[in-house]
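*Asks:* Using only what follows, build the 3D model:
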Amino acid sequence: MMKNDVLLSVSDLHVHFRSDDGLAKAVDGISFEVGRRETVCIVGESGCGKTVTALSILGLIPVPPGIMAGGSIWFDGIALSALADEDMQGIRGNRIGMVFQEPLTSLNPVFTIGDQIGEAILAHEQVSPEELHHRCIKLLKDVGIPSPETRLKDYPHQLSGGQRQRVMIAMALSCHPDLVIADEPTTALDVTVQAQILNLFQELQNARHMAVLYITHDLGVVANVA
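*Replies:* I've put the predicted structure just below:
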């Protein structure tokens, strides 16, 4: 891969956690690259450090007890591993979006879907209430949620598991990111809905010309997307 085609580069990353029982080496020397518009999968069993790797890219490892003990993370020529948190906020959710595990727990139960998608946009852009409303509706349409005008007023518990996952994808795409990290995006979904979500990701990736980093333990998912 040509250097100019590399969007994300993780080199010899080490992430440790201190505990009463000693030092836990959650990530111990992982390296990989993601090219522009490319799909890459990180595969491994539960507890092997996949999610910790993703959270490290976004600067979301809690310190303490976590510590980035070595390595570097570069995104489009920017050294993420050296950024201050306030600078990282301009990239997190903006140029890099993330779909977290378990949408029911990731979504706030006391705010409507529209409020939560709108908050993701307002964190990075200044838009009028009218434009914000139209963008939220379009995002829900883009991820295949029917009657988006009505669904904006719904709360997470009123949606099915597949619909909640689509809302999480809409939030991740809200600021037109160059890279989306999808952490086990089909967990707890039945097989039919899993296929729908994976197809949706591929359609959105093609339409928006973005790179996707999948985190999964499912080799069947890897075979379909990467």
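
*Asks:* ok, which stretches of the protein are strands?
*Replies:* Assigned by DSSP state E, the chain shows strands spanning 6-19, 22-35, 39-43, 66-75, 78-79, 96-99, 179-183, 211-216.

*Asks:* For the residue nearest the centre of the chain, give the beta-bridge partners.
*Replies:* The residue lying closest to the centre of the chain (Cα atoms, centre = their mean) is residue 98, at 1.3 Å. Judged by DSSP bridges, the bridge partners of residue 98 are residue 181.

*Asks:* Surely it is in contact with residue 59?
*Replies:* No: counting by Cβ atoms under 8 Å, residue 59 is not a contact partner of residue 98; they are 11.3 Å apart. In short, each C-beta sits where N, CA and C put it, glycine included.

*Asks:* Kindly tell me how buried residue 82 is, as a neighbour count.
*Replies:* By the measure other Cβ atoms under 10 Å, the count of residues near residue 82 is 10.

*Asks:* got a pLDDT number for it?
*Replies:* As predicted, residue 82 sits at a pLDDT of 86.

*Asks:* And residue 46, by the same measure?
*Replies:* 86.

*Asks:* Which positions within the top helix by length along the chain qualify as buried?
*Replies:* Taking DSSP state H as the criterion, the chain has its longest helix at helix 191-208. With burial defined by 16 or more other Cβ atoms under 10 Å, the residues of helix 191-208 counted as buried are 193-194, 196-198, 200-201, 204-205.
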